[in-house]
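J.: Below is the sequence, then the predicted model.
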Amino acid sequence: MIVPAVFLQDENFVDLLYIVAFSLFIYGLSGLTGPRTAVRGNKIAAVGMAIAFIATLLTRGVLSGSSTPWLIALGVVLGAAVGIPAALNVRMTAMPQMVALFNGVGGGAVALIAWVEYRHHFGGDFALKVEIPSLFAAIVGSISFWGSSIAFGKLQEILPGRPIKLPGQSLINAGLLLVCVASAVVLAAGTHSQLLFFFGILVAAGVLGLMVVLPIGGADMPVVISLLNAFTGLSAAATGIALNNTALIVAGMIVGASGSILTNLMAKAMNRSVPAIVAGGFGGAVDAPVSAGSDGGTVRATSAQDVAIQLSFARLVVIAPGYGMAVAQAQHAVRELERALEAKGVEVKYAIHPVAGRMPGHMNVLLAEADVPYDLLREMDDINPEFSRTDVTLVIGANDVTNPAAKNEPGSPIYGMPILEVDRSAAVVVLKRSMASGFAGIDNPLFYEPKTSMLFGDAKTSVTEVTSEVQAL
Ligand code: NDP
């Protein structure tokens, strides 16, 4: 279809394109509620984003200026040159780092736009309805950029996953927030010609972003990532208000609202409070690793053959997968084992912890990829009462989400986090490569319990061996 040129710069036509774009965002988002529709939902939202981008280019004044189209083209080429290979090559297990990085870049872009807006109006007329959202975007975008950078460092294991906390952390955070708000008030009150205050905002908010995320322990990272995501959305929406760009307002609010809902759900699942995150008291006060083995507990190694016998004579087997299953890409092998056991009349269920793996829904996505029937998947609250009648629980590459220290050791950094209560089943077999800790960096007393045996090795190799043994019995 050829659009008559007269329409192209027409405001109504641009608005129409924006409405189509938002509708696609919302429709695409609804697809993200289930693993089967998620990829299609993502593609639909991406088409919406392309339409919003075209609509922005068609907006009167955007392409004015001789160098502007070239600068925009340069931005598109650079962004595509970095983003496309990164997205194509990222390993599934490195996805959370990528999300943290992209989220941070979004927050950083918003803070830079606020800075450009500020310079644009420097010394001139800056209406409060533009200035206030710009200042908000500068603060929140900067927090999000620096906070996400620390989250990336922790997830990529460039920085230690354990909490890093300064004495008087909460007071420092409150002081930094005060500097941001006070500088913003000074600027909004009319002294906005003083660039120093704007820099003060960017620096104080940046340090606040670092300070908020550094003390957060490994196990609590999922909550902070979704919180930072919500921050980026809100700051983008504020920039949309400042620039009078409806697309940015709607897209920012969608991210802000969905990020806030996810943060709330994650915090509930982890038994944490969101205000405690912002106050810097999140993630537990203890940063020394708890040693479960120090009380003389011993570890019992087992073999694939013994595990196969144990499983074949069970009535109910529960599989508790975790991050190690994702690393080993063992989901298809696990599905084969489930089939082999079912063929022998054993009932098999999967126990899904809300933060198992490295992103929300990680286990659901992997198991759906391996065609595991959805009705075999049990959420944590549904499966926990069933462990007492479970003969064998097979823990496949999960660690923190099964750690009984969360229930029994008040000094533990993960104390209070709900876990899969696998220790209540009659026997537990843990598949992992070594005695190494999980993301939270703490020992797991489960491994030393008399009812637990360890099958050391890569999860995919171990599961495949166990399956062959089961089939041979
Ligand atoms: P953990 O990180 O606690 O443990 C994973 C275990 O997998 C490790 O102990 C490791 O032991 C084992 N492993 C690694 N590679 C392999 C392999 N190839 N074969 C067999 N085992 C392997 O994972 P959980 O899923 O139990 O817990 C998730 C953790 O990540 C929680 O602390 C959670 O809070 C955090 N987190 C979750 C996010 C989310 O959104 N879901 C986001 C960010 C963090 P070994 O090296 O000995 O093999």
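T.: In hand now; what should we look at?

J.: For residue 349, grab phi and psi.
T.: Backbone geometry at residue 349, expressed as degrees, to the nearest 10, gives phi -130, psi 160.

J.: Is it bridged to anything, and to what?
T.: For residue 349, the beta-bridge partners under DSSP bridges are residue 318.

J.: What is the neighbour count of it?
T.: 20 (other CB atoms under 10 Å). Where you see a C-beta, it was placed from the backbone N, CA and C, and this is true even at glycine.

J.: Residue 10 now?
T.: Around residue 10 there are 15 other residues, counting by other CB under 10 Å.

J.: How about residue 92?
T.: Count around residue 92 with other CB under 10 Å applied: 15.

J.: Let me know the helix or strand that the closest residue to it other than its chain neighbours is in.
T.: Nearest residue to residue 92, sequence neighbours excluded (CB to CB, 6 or more residues apart in numbering): residue 326, at 6.2 Å. Counting by DSSP states H and E, the element that carries residue 326 is helix 323-328.

J.: That helix vs the ligand: in contact?
T.: Yes: remark: helix 323-328 sits within contact range of the ligand at 323, 324, 327, 328, by CB under 6 Å from any ligand atom.

J.: Now do the same contact list for the first one.
T.: Residues near residue 323 by CB atoms under 8 Å, 6 or more residues apart in numbering: 93, 356, 357, 358, 362, 397, 398, 399, 438, 439.

J.: hmm, back to that, can you lay out the residues of helix 323-328 next to the ligand as CSV showing pLDDT?
T.: Below are those laid out as CSV (pLDDT from 0 to 100):
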residue, pLDDT
323, 93
324, 94
327, 91
328, 93
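
J.: returning to that earlier point: for the record, mean pLDDT for the helix or strand that the helix holding residue 326 is followed by?
T.: Counting by DSSP H and E, the next helix or strand C-terminal to helix 323-328 is helix 331-343. Helix 331-343 carries an average pLDDT of 96.

J.: so which of the residues of helix 323-328 next to the ligand comes closest to the ligand?
T.: The ligand lies nearest to residue 324 out of those, by CB to the nearest ligand atom, at 2.6 Å.

J.: So what's the residue count around that closest one?
T.: Residue 324 has 24 nearby residues by other CB under 10 Å.

J.: Then the one 5 residues further on?
T.: Using other CB under 10 Å, residue 329 is surrounded by 17 other residues.

J.: Identify the residue nearest it in space, chain neighbours excluded?
T.: residue 460 (6.2 Å).

J.: among the contacts of residue 323, which are within reach of the ligand?
T.: Filtering these for proximity to the ligand by CB under 6 Å from any ligand atom leaves 356, 357, 358, 362, 397, 398, 399, 438, 439.

J.: Which of those fall in strands?
T.: With strands defined by DSSP state E, no entry of these lies inside them.

J.: Ignoring the adjacent residues along the chain, who's closest to residue 40?
T.: residue 31 (5.4 Å).

J.: about what we covered before: out of the ones next to the ligand among the contacts of residue 323, list just those in helices.
T.: With helices taken from DSSP state H, the overlap with these comprises residue 362.

J.: and which of the ones next to the ligand among the contacts of residue 323 is nearest residue 17?
T.: residue 362 (35.4 Å; CB to CB).

J.: just checking, that closest one touches residue 324?
T.: No: counting by CB atoms under 8 Å, residue 362 stays clear of residue 324, with 11.7 Å between them.

J.: one step back: show me the contacts for the residue nearest to residue 92.
T.: Under the criterion of CB under 8 Å, 6+ apart, the contact list for residue 326 reads 92, 93, 357, 358, 362, 363, 366, 397.

J.: likewise residue 137?
T.: 110, 111, 113, 114, 235, 236, 238, 239, 242.

J.: a markdown table for those residues, including pLDDT?
T.: Shown next, in a markdown table, are these (pLDDT from 0 to 100):
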| residue | pLDDT |
| --- | --- |
| 110 | 93 |
| 111 | 93 |
| 113 | 90 |
| 114 | 89 |
| 235 | 94 |
| 236 | 94 |
| 238 | 93 |
| 239 | 92 |
| 242 | 87 |
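
J.: Now, those that are in helices?
T.: Per DSSP H, helices hold the following members of the contacts of residue 137: 110, 111, 113, 114, 235, 236, 238, 239, 242.

J.: quick one on the thing from earlier: ranking the ones next to the ligand among the contacts of residue 323 by neighbours, who comes first?
T.: residue 398 (32 neighbours).

J.: Can you report how many residues lie near the residue nearest to it when sequence neighbours are not counted?
T.: Once flanking residues are discounted, residue 398 sits nearest to residue 322: 2.5 Å by CB to CB, 6+ apart. Residue 322: 28 surrounding residues under other CB under 10 Å.

J.: Got the confidence number for residue 322?
T.: Residue 322 is assigned 96 on the pLDDT scale.

J.: ok, it - contacts?
T.: Residue 322 neighbours (CB under 8 Å, 6+ apart): 353, 356-357, 363, 395-402, 438.

J.: ok, now how distant is it from residue 72?
T.: In this structure, residue 322 and residue 72 are 44 Å apart, going by CB to CB, to the nearest Å.

J.: how much space between the residue nearest to residue 398 and residue 334?
T.: Here residue 322 is placed at a distance of 12 Å from residue 334 (CB to CB).

J.: what sits in contact with each of these two?
T.: Residues touching both residue 322 and residue 334 (CB under 8 Å, 6+ apart): residue 396.

J.: Residue 204 against residue 182, yeah?
T.: No: using CB under 8 Å, residue 204 makes no contact with residue 182, being 9.3 Å away.

J.: who's more crowded, those two?
T.: residue 204 (22 against 14).

J.: any idea which element that one lies in?
T.: helix 195-213.

J.: what helices or strands is that helix leaning on?
T.: Packing partners of helix 195-213 (3 or more CB pairs under 8 Å, 6 or more residues apart in numbering; DSSP states H and E): helix 95-120, helix 128-155, helix 169-186, helix 221-243.

J.: 6 Å instead?
T.: helix 128-155, helix 169-186 (3 or more CB pairs under 6 Å, 6 or more residues apart in numbering; DSSP states H and E).

J.: what about that helix, average pLDDT?
T.: For helix 195-213, mean pLDDT is 90.

J.: Then stretch 26-38?
T.: On average, stretch 26-38 scores 85.

J.: Verify the contact between residue 448 and residue 404 for me.
T.: No: using CB atoms under 6 Å, residue 448 is not in contact with residue 404, being 10.3 Å away.

J.: List the contacts of the closest residue to residue 149 other than its chain neighbours.
T.: Distances taken as CB to CB, 6+ apart put residue 104 closest to residue 149, at 5.3 Å, once the chain neighbours are dropped. Listed by CB atoms under 6 Å, 6 or more residues apart in numbering, the contact partners of residue 104 are 145, 148, 149.
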